[in-house]
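Enquirer: Need coordinates for the following:
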Amino acid sequence: MHQPKKGILIDDIAGLRRVLQQTRTIAVVGLSANWHRPSFFAAKYMQTRGYRIIPVNPAYKEVLGEKCYPSLRAIHEPVDLVDVFRRPEEVPAVVDDAIAIGARTLWLQLGVIHEEAAARAQAAGLDVVMDRCVKIEYARLFGGLNWAGVNTGVISARRPARAIPHPQR
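Expert: Next up, the predicted model:
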């Protein structure tokens, strides 16, 4: 009997770069229509970088100008990457759906960690990225980390002025 190719846990620059270069379609589970939510900000950023975004959230009909689906299984087109903005306890059900639709990669956003579900996704052949932001990784690897509010001037290579002057000797 043929065993499916086992997916890998990606946590290195080369792997992240490969995933982002090979991805064209991203289904964003938990995508909010509220512009100030991290899911909206990340999805809009990736959309402006040429990725096809498929919103997945039963609360909306449309997000970012795209039809919004109530679940991954309701999508009837190929999905390369499933980007998860849900609580960790909801990840196992998302993994079931990602496997069912034949996604290539499961991406769990910052703070979304579920080792058992990630292992199940890998066993089914999905590559897995966990506890990372797709927008941050794209910007870090392909340029643009200073775009859209990240360039605040708070982080700098320049030494800050001393808050307390040295005492005179």
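
Enquirer: Give me the buried positions along the lowest-mean-pLDDT helix or strand in the chain.
Expert: Least confident helix or strand of the chain, by mean pLDDT, DSSP states H and E, is helix 134-142 with a mean of 92. Using 16 or more other Cβ atoms under 10 Å as the test for burial, helix 134-142 gives 134, 135, 137, 138, 139. Any C-beta I mention is one placed from the backbone N, CA and C, and that applies to glycine too.

Enquirer: I'd like to know which of those residues is nearest to residue 49.
Expert: Nearest to residue 49 among the buried residues of helix 134-142: residue 138, at 6.4 Å, using Cβ to Cβ.

Enquirer: need the contact list for the most centrally placed residue in the chain.
Expert: Among the residues of the chain, the one closest to the centroid is residue 134, at 3.6 Å (Cα atoms, centre = their mean). Going by Cβ atoms under 8 Å, 6 or more residues apart in numbering, residue 134 touches 20, 26, 42, 46, 81, 83, 107, 109.

Enquirer: ok, now with 7 Å
Expert: Listed by Cβ atoms under 7 Å, 6 or more residues apart in numbering, the contact set of residue 134 reads 42, 46, 83, 107.
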